[in-house]
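Asks: what follows is a predicted protein model with its sequence.
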Amino acid sequence: GGCVCVCVCAGSTHPTTTTTNATTSATATTTTTTATNTTTPSSSRPTPRSPFPMPANIKVLFGLAAAFSLGLFLNVLACVLWQNWNPIFVIIAYVLAPIPNMFCAQCNRGYEETHGNAFKRAGFFLTGLIITSGFALPGMLSHLNLIKPFALLLGLGGGLIVYGSILTYLHCFHSASEEEAFM
């Protein structure tokens, strides 16, 4: 039978565990108590570390995923609150928006000398057209009185959040060399 006792050093941020016999457990407890009760000024204490440290880019990625989910939630909420599922068609624009850039970037390979950036620019134009349609669709549905004005605001807010999170992702996680590989 051994006893497990946790000793915290004054300068350490992580506790260390020691195992002692039953005869020395009283001594270890006294040592632990005196080491724990030492007072140091609050300004000289090291900041405690998280038990699960994450790199900064993972935190940004989690934040972007939460923002993207919030944008989709606002679009679904615009449908659910008034039992009108017309605003859900905006999500089709979210899915279709990156497709022209992907196809046109593949078509541009091998034709840079003869066509320049024509395929790449066509992809940008079509992507811009789809994104504009994604913002215009709730306005058109509201103008035709197919959705309520507050559903319009929820749809536009959701679209801004979704497209903002996508642009932030591209800005933070794609370097110029990766962009040239895809574009």
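Replies: Received the coordinates, thanks.
Asks: can you list the low-confidence ranges for this structure?
Replies: 1-43, 175-183 (pLDDT under 70).
Asks: tell me where it has helices.
Replies: For the chain, helices defined by DSSP state H occupy the ranges 25-36, 56-80, 90-96, 99-108, 112-115, 118-143, 149-173, 176-182.
Asks: could the ones you listed go into TSV alongside mean neighbour count?
Replies: No exception for glycine: its C-beta is placed from N, CA and C like everyone else's. TSV is the format used below for these (neighbours: other C-beta atoms under 10 Å):
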stretch	mean neighbour count
helix 25-36	13
helix 56-80	16
helix 90-96	17
helix 99-108	16
helix 112-115	10
helix 118-143	16
helix 149-173	17
helix 176-182	10
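Asks: can you tell which of those helices is closest to residue 44?
Replies: Comparing those against residue 44 with C-beta to C-beta, the closest turns out to be helix 25-36 (16.6 Å).
Asks: quick check: residue 149 touching residue 139?
Replies: No. Contact criterion C-beta atoms under 8 Å: residue 149 and residue 139 do not qualify, at 10.3 Å.
Asks: what sits against residue 141?
Replies: If you count contacts by C-beta atoms under 8 Å, 6 or more residues apart in numbering, residue 141 has them with 86, 87, 147, 152.
Asks: tell me the phi and psi of residue 85?
Replies: Note on residue 85: its backbone torsions stand at phi -90, psi 10 [degrees, to the nearest 10].
Asks: before I go, just wanted to say thanks for your time.
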